[in-house]
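**Q** Here is a sequence together with a model predicted from it:
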Amino acid sequence: MNLRDRYDAATAAFEAPFAVVDLRAFHANAAELARRAAGKPIRVASKSVRCRALLDDVLALDGFAGIMAFTLPEALWLAGHGTSDDILVAYPTTDRTAITALAADERAAATVTLMVDSTDHLDLIEKAAGGRPIRVCVDIDASYRPLGGRVRFGARRSPLHTVADVRGMAEEIVRRPGLRLVGLMAYESQIAGVGDVPPGRPARARAIQTMQRRSRMELARRRAGIAAAVRELADLEFVNGGGTGSVEKTARERAVTEVAAGSGLYQPHLFDNYSNFGGRPAAMFALPVVRRPGPGVVTCLGGGYLASGPADALRLPQPYLPTGLSYDSDEGAGEVQTPLLGSTADLLSVGDRVWFRHTKAGELCERFDALHLIEDGRTVRTVPTYRGEGATFL
């Protein structure tokens, strides 16, 4: 029985659209991430999972410790459920109500760390916390800026780029009795989030590989200098770096104590084009064929589950099984229907399913309230996503 037939058989009791996670692929991907981290703990990026049951699952595995949350309300929710006693909020928050709630909850305040990169953040946190102690982490700009800064590669995140920038921020934090500096974070998106072997584009691949190699060298030196300078001022608990695409490279840096990863657990198609690793597709969704408009065309119900990021074709979900299907360039993936073209379409009947892979990992869970967990050709469990628990944080 081929993969498509196994998935169809395992979910025969369910009406599409629905989403699944292949547990064997999920655990194989987790093992590969742990191998690449070479003993350094992996902090799980919850935005890439968005399912408490699977967060519990992966945190019980060797090599994984702690959560990197995407909002403070999410962090408070996870802490309240006992998902982890070490939760880093990866992005700055201006949610005064949530900060006040964090400060008022002694257990949560010992569990959750907030991200900062400016004195504006510090002022807001101190005021909302009412003088009660809050753990904070400094976000470092990890972008690569060659040619004297005239060129930039990497996400526009923190304004703190140099050793002096970060040390100055650290000095400001330690002067404030209501704040405790416990960590540093630097996410190298130009390495971790950019595949270095784009299919059919060898010249672009060479350019990306050169940029990433030079960026790694520059960042390793700068991150080491920053960590050393800040450790003179505060007893840091962690220095976090990396992402799914750069786990093994970042883990080699002595200054880094932990790496972050999450997308590699589901292996969405955005992460297919890397030379240093290859995961197994674990998260998918199925749409039903509801029309056959003509030869070489079928139409599926729904499907307009576009990923965030630049508005390009890569943001579209990828028709996965059966192979040989593609989008109509005039329609793409639609809100209520998605036409698919190709000779394979003539082999499909109304009521059949087409399986898709999302571009990104956790965003899939904002579209579905449950994940059917498949193992050994059967659905072994159905678990709620964040959405299924009535929890939508962004």
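**A** Yep, it's here.

**Q** can you pull the contacts of the residue nearest to P384 when sequence neighbours are not counted?
**A** Residue nearest to P384 in three dimensions, not counting chain neighbours: A370, with 5.6 Å by CB to CB, 6 or more residues apart in numbering. All C-beta spots, glycine's among them, are computed from the backbone N, C-alpha and C. The contact partners of A370, taken as CB atoms under 8 Å, 6 or more residues apart in numbering, are F18, A19, T382, V383, P384, T385, G388.

**Q** Name the nearest of the residues you listed relative to A164.
**A** When these are ranked by distance to A164 (CB to CB), T385 comes first, at 43.3 Å.

**Q** Excluding sequence neighbours, find me the nearest residue to the closest one.
**A** Per CB to CB, 6+ apart, closest to T385 is C365, 3.9 Å.

**Q** Give me the neighbour count for the one you found.
**A** Neighbour count of C365, defined by other CB atoms under 10 Å: 27.

**Q** Need the pLDDT of it.
**A** With respect to pLDDT, C365 scores 97.

**Q** Assess the claim that it and R387 are in contact.
**A** Yes. The pair C365 / R387 is scored as a contact, 6.3 Å apart, by CB atoms under 8 Å.

**Q** who touches both of those two?
**A** Residues within reach of C365 and of R387 at once, by CB under 8 Å, 6+ apart, are R50.

**Q** Any of the contacts of A370 buried? List them.
**A** Neighbour-count burial within the contacts of A370 applies to F18, A19, V383, P384, T385, G388; the criterion is 16 or more other CB atoms under 10 Å.

**Q** Please list the members of those residues that lie in helices.
**A** If you go by DSSP state H, those have nothing in helices.

**Q** In a markdown table: these, plus pLDDT and distance to V151.
**A** Below are the buried ones among the contacts of A370 laid out as a markdown table (pLDDT from 0 to 100; distance: CB to CB, whole Å):
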| residue | pLDDT | distance to V151 |
| --- | --- | --- |
| F18 | 98 | 45 |
| A19 | 98 | 40 |
| V383 | 98 | 45 |
| P384 | 98 | 45 |
| T385 | 98 | 40 |
| G388 | 98 | 44 |
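
**Q** of those residues, closest to A260?
**A** The nearest one, if we look at those relative to A260 and count by CB to CB, is T385, at 20.9 Å.

**Q** The closest one and R43, how far apart?
**A** Distance of T385 to R43, given as CB to CB, to the nearest Å: 21 Å.

**Q** so what's the residue nearest the centre of the chain up against?
**A** Nearest residue to the geometric centre of the chain (CA atoms, centre = their mean): S48, 3.6 Å. Contacts were defined as CB under 8 Å, 6+ apart; by that measure S48 touches T244, G262, S263, L265, Y266, K360, A361, G362.

**Q** How about it: what's its closest non-neighbour residue?
**A** Nearest one to S48, counting by CB to CB, 6+ apart, is G262 at 3.0 Å.

**Q** Against A31, how distant is the residue nearest to the centre of the chain?
**A** 17 Å.

**Q** Any stretches of the stretch 201-350 of the chain with poor pLDDT?
**A** Of all residues in the stretch 201-350 of the chain, none has pLDDT under 70.

**Q** Run through the strands of it in chain order.
**A** 238-241, 258-261, 283-294, 297-301, 318-321, 326-327, 337-341 (DSSP state E, counting those that start in this stretch).

**Q** right, so those strands: which one is the most enclosed?
**A** strand 258-261 (a mean of 26; mean count of other CB atoms under 10 Å).

**Q** Give me the contact list for that one.
**A** Identification of contacts with strand 258-261 by CB under 8 Å, 6+ apart yields 33, 37, 40-45, 65-66, 68, 90, 187, 238-244, 247, 250-251.

**Q** Tell me which strands it pairs with, and in which orientation.
**A** strand 42-45 (parallel), strand 238-241 (parallel) (DSSP bridges).

**Q** want to throw those strands into JSON lines with distance to V174?
**A** Formatted as JSON lines, the strands paired with strand 258-261 follow (distance: least, CB to CB, whole Å):
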{"stretch": "strand 42-45", "distance to V174": "24"}
{"stretch": "strand 238-241", "distance to V174": "17"}
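
**Q** and of the ones you listed, who's closest to D141?
**A** Comparison of those against D141 by CB to CB identifies strand 238-241 as nearest, at 12.6 Å.

**Q** Just the CA atoms from the closest one would do, formatted as PDB, please.
**A** Extracted C-alpha coordinates of strand 238-241, given in PDB (Å, rounded to 0.1, in the frame of the first residue of the first chain):
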ATOM      1  CA  PHE A 238      20.900  30.700  28.600                       C
ATOM      2  CA  VAL A 239      22.200  32.000  25.300                       C
ATOM      3  CA  ASN A 240      19.800  30.900  22.600                       C
ATOM      4  CA  GLY A 241      20.400  30.800  18.900                       C
END
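
**Q** Name the surrounding residues that touch that strand.
**A** Outside strand 238-241, the residues within contact range by CB under 8 Å, 6+ apart are 43, 68, 88, 137, 142, 182-188, 223, 227, 250, 253, 255-260.

**Q** Recalculate using a threshold of 7 Å.
**A** The contact list for strand 238-241 (CB atoms under 7 Å, 6 or more residues apart in numbering) reads 43, 88, 183-186, 188, 223, 227, 250, 253, 255-260.

**Q** Give the closest residue to S84 in space, chain neighbours not counted.
**A** Closest residue to S84 apart from its sequence neighbours, by CB to CB, 6+ apart: I67 at 4.6 Å.

**Q** so the one you found sits in a strand?
**A** Yes. Per DSSP: H, G, I helix; E, B strand; the rest coil, I67 lies within a strand segment.

**Q** Verify the stated contact: it with I87.
**A** Yes. With contacts counted by CB atoms under 7 Å, I67 reaches I87, the gap being 4.7 Å.

**Q** Those two: which has the busier surroundings?
**A** I67 (30 against 24).
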